[in-house]
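Asker: Take a look and give me a structure for this.
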Amino acid sequence: MARTSSDGTPLPSRFRYPRSLRSPLAVVGCVIVVIWLLIAVFAPLLSPADPILNTPNRLAPPSGDHLLGTDTLGRDVLSRVLYGSRVSIPLSLLLVVMSSHARSGWLLWKNAMVKKHFKI
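Answerer: As a prediction, the model looks like this:
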């Protein structure tokens, strides 16, 4: 039941979402990231075929057996995309961390040079 004041107007809620989750675009982005993480974790269960197994039906169009078709070696494209997420997500996280450290180190070096040059 909602809390109300003595005159019947509703009182503001005590719980507030974090500022980053008040934006609809941020929520959509978080949902996409969570779904992609779940796909990466459960890739062995979700993939319809072995991503390395070569089959005789090369360059097959999408069908019931191969939802995204097959590549030039007959490998299932959907399975390769699912397993590829297991490589791309950790790599992207590593690159974000490395770039943030490189940027912060560059800013520290720049500040030191400015202080040295202007004797601040």
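
Asker: what about the chain, any weak spots by pLDDT?
Answerer: 1-3, 11-13, 15, 106-107, 119-120 (pLDDT under 70).

Asker: Grab the longest helix from it for me.
Answerer: As assigned by DSSP state H, the longest helix anywhere in the chain is helix 77-118.

Asker: pretty sure R75 contacts L53?
Answerer: Yes. At 6.7 Å, R75 counts as touching L53 under the criterion of C-beta atoms under 8 Å. All C-beta spots, glycine's among them, are computed from the backbone N, C-alpha and C.

Asker: quick one, which of those two is more surrounded?
Answerer: R75 (18 against 11; other C-beta atoms under 10 Å).

Asker: ok, now which ones touch the more buried one?
Answerer: Listed by C-beta atoms under 8 Å, 6 or more residues apart in numbering, the contact partners of R75 are 49, 51-55.

Asker: Please pick the buried ones from those.
Answerer: Among those, those scoring as buried are 49, 51 (criterion: 16 or more other C-beta atoms under 10 Å).

Asker: Columns distance to L68 and secondary structure on top of the contacts of R75, output as CSV?
Answerer: Listed next are these as CSV, based on distance: C-beta to C-beta, whole Å; DSSP: H, G, I helix; E, B strand; the rest coil:
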residue, distance to L68, secondary structure
A49, 11, coil
P51, 12, coil
I52, 16, coil
L53, 15, coil
N54, 16, coil
T55, 14, coil
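
Asker: Turn the contacts of R75 into CSV, including distance to A43.
Answerer: Below are these laid out as CSV (distance: C-beta to C-beta, whole Å):
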residue, distance to A43
A49, 12
P51, 9
I52, 13
L53, 15
N54, 19
T55, 19
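
Asker: from the contacts of R75, which single one is nearest N111?
Answerer: P51 (47.7 Å; C-beta to C-beta).
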